[in-house]
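> Structure for this input, please:
(one chain, ligands or ions: 1)
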Amino acid sequence: MKKDFTPTLLDLGPLQIYLARHFGFCYGVENAIEIAFRTVEENPGKRIFLLSEMIHNPQVNADLQSHGVQFMQDNYGKQIIPFSGLTADDIVIIPAFGTTLQLEKKLSQLGIETEKYNTTCPFVEKVWNRSEQIAKKNYTIIIHGKPKHEETRATFSHAAANAPSVVVKDMEQTIELAKYIKGEKSVEQFHEEFKGQYSENFDVTKDLERIGVVNQTTMLASDTQAIADYLKQVMAEKHGLTSINVDERFADTRDTLCYATLENQQAVSGMLQTDADLAMVVGGYNSSNTSHLVELCEEKLPTYFISSEEKILSEKEILHYNFHTKEELLTTGFLPNKKPVKILITSGASCPDALVEGIINKLIYLSDLKIPTEQLIEKFQ
Ligand code: SF4
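Numbering: from 1, shown residues only. This is a model prediction of the structure:
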């Protein structure tokens, strides 16, 4: 059935808010949060650790920390609490992005049982399973993802256990990788250019003969598709194949995109059809899927990536994150001086709905509309 991606309009007269048809928490994040809080509840007195941030949302992580949960690593795998400090009595929760085989092994050597507290999202596991399937057919695995992101590191570790694997972060790097497929660049250049992104003993002269692409589940769907299409084309040209037999060299892996990432992105494309003045994207500043929603909105509208209502300082000023330069900026005059003001709102997969609600309430408050929330809700009952 064709899905409807038309946004929901909250028509408040001078303020018109268009909410994306799909936004916010995905199954994997909800499941992970539920397991984490249940673990806290069922294990009073035990030390509970999280391998790294549960999800990329500061409010959720702060909430967990306030319940005594400690983070062992930062987002980039840097150790905050050493493994040597753990005992078999401790509980270690694996976050929704999953973890590497090496870390799983390390924990089991310490006598720590991770299975019960593993919140790895089934859609991430699906990517691992898909990699394993194509590895069995002797394809090398190309992972489209951010090389330092936890999920990509986990997927890389699982993929590399079964087949030669290499990570590409974007189309630019894919075009460079294609030059090795075509024999245009040297082995030395590969080792330098893809340092830290390829599996042990990767032989660039042999391991790019048969390939398949999987992705970090939160990448921009259209980017992964473009990368896969490009590499497919390169393989077809290099080996003189057609669409009928290109699968001899290029595995079809289209189904590794996560449904939530895809739906949130499609809903943004749907709401961008609206003749709006600006867009607000809510989520943690280090959230990959949220930054992709920002990227889509930026193509069309002034876009403000904010983590909570507190970033809207007044009807004139807003603090927002520029994920390209990784800095928070102060913009003055973000609300246009016109009526009605039309604002698009969406949020990332790791963002609680309460934050979106807080932002809507703040906008209502600043617009001086004095409409109680109950009255607003009535409109939708
Ligand atoms: S974005 Fe997708 S893969 Fe990631 S946790 Fe959510 S459902 Fe799972």
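> can we go C-alpha only for contacts and neighbour counts from here?
Noted.
> Verify the stated contact: G348 with N286.
No - at 10.9 Å, G348 does not count as touching N286 under the criterion of Cα atoms under 8 Å.
> ok, those two, which is more surrounded?
G348 (31 against 16; other Cα atoms under 10 Å).
> What distance do you get for that one to the ligand?
With distances taken as Cα to the nearest ligand atom, to the nearest Å, G348 is found 9 Å from the ligand.
> Do a quick rundown of the strands in the chain.
Here the chain has its strands, by DSSP state E, at 8-11, 15-19, 48-50, 70-71, 91-93, 140-144, 165-168, 211-215, 250-251, 278-282, 303-306, 317-322, 327-332, 341-347.
> Just list the residues touching the residue lying closest to D90 once chain neighbours are set aside, thanks.
Nearest residue to D90, sequence neighbours excluded (Cα to Cα, 6 or more residues apart in numbering): R47, at 5.3 Å. By Cα atoms under 8 Å, 6 or more residues apart in numbering, R47 lies in contact with 68-69, 89-91.
> Can you select the buried ones from the residues you listed in ChimeraX?
To isolate the buried members of these in ChimeraX, using 16 or more other Cα atoms under 10 Å:
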select :69,90,91
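> Which pair of the contacts of R47 spans the longest distance?
G68 and D89 (15.7 Å; Cα to Cα).
> Taking the chain, what residue is nearest to the ligand?
Residue nearest to the ligand within the chain: G28 (3.8 Å; Cα to the nearest ligand atom).
> pretty sure that residue is in contact with N118, am I right?
No - judged on Cα under 8 Å, G28 makes no contact with N118 at a distance of 11.7 Å.
> quick one, which of those two is more surrounded?
Taking other Cα under 10 Å, G28 and N118 do not tie; G28 has more neighbours (23 against 18).
> Show me what from the stretch 1-150 of the chain comes close to the ligand.
26-29, 96, 121, 123-124 (Cα under 6 Å from any ligand atom).
> Now flag whichever of those is closest to L363.
Nearest member of these to L363, counting by Cα to Cα, is C26, at 25.2 Å.
> What does the pLDDT read for the closest one?
We have a pLDDT of 89 for C26.
> OK, contacts around it?
With Cα under 8 Å, 6+ apart, C26 has these contacts: 260, 349-350.
> If you rank these by neighbours, which is first?
A349 (30 neighbours).
> contacting residues for that one?
Taking Cα under 8 Å, 6+ apart, one finds 23-26, 29, 260-261, 264, 289-290 in contact with A349.
> Dump the contacts of R47 into TSV; add distance to A62 and pLDDT as well.
Converted to TSV, the contacts of R47 look like this (distance: Cα to Cα, whole Å; pLDDT from 0 to 100):
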residue	distance to A62	pLDDT
G68	10	91
V69	9	92
D89	24	94
D90	20	95
I91	19	96
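> Take the contacts of R47 and keep only those in helices.
Among these, no member falls in helices (DSSP state H).
> Which residue is the nearest non-sequential neighbour of K300?
L272 (7.4 Å).
> so how many other residues sit close to the nearest residue in space to I318 that is not next to it in sequence?
Once flanking residues are discounted, I318 sits nearest to I312: 4.5 Å by Cα to Cα, 6+ apart. Using other Cα under 10 Å, I312 is surrounded by 22 other residues.
> I312 touches L319, doesn't it?
Yes - the pair I312 / L319 is scored as a contact, 6.4 Å apart, by Cα under 8 Å.
> who touches both of those two?
In contact with both I312 and L319: no residue, using Cα under 8 Å, 6+ apart.
> Show me where the stretch 201-350 of the chain has its helices.
221-239, 259-271, 288-298 (DSSP state H, counting those that start in this stretch).
> Can I get the ones you listed in CSV including mean pLDDT and distance to E209?
Below are the helices of the stretch 201-350 of the chain laid out as CSV (pLDDT from 0 to 100; distance: least, Cα to Cα, whole Å):
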stretch, mean pLDDT, distance to E209
helix 221-239, 94, 8
helix 259-271, 92, 30
helix 288-298, 94, 31
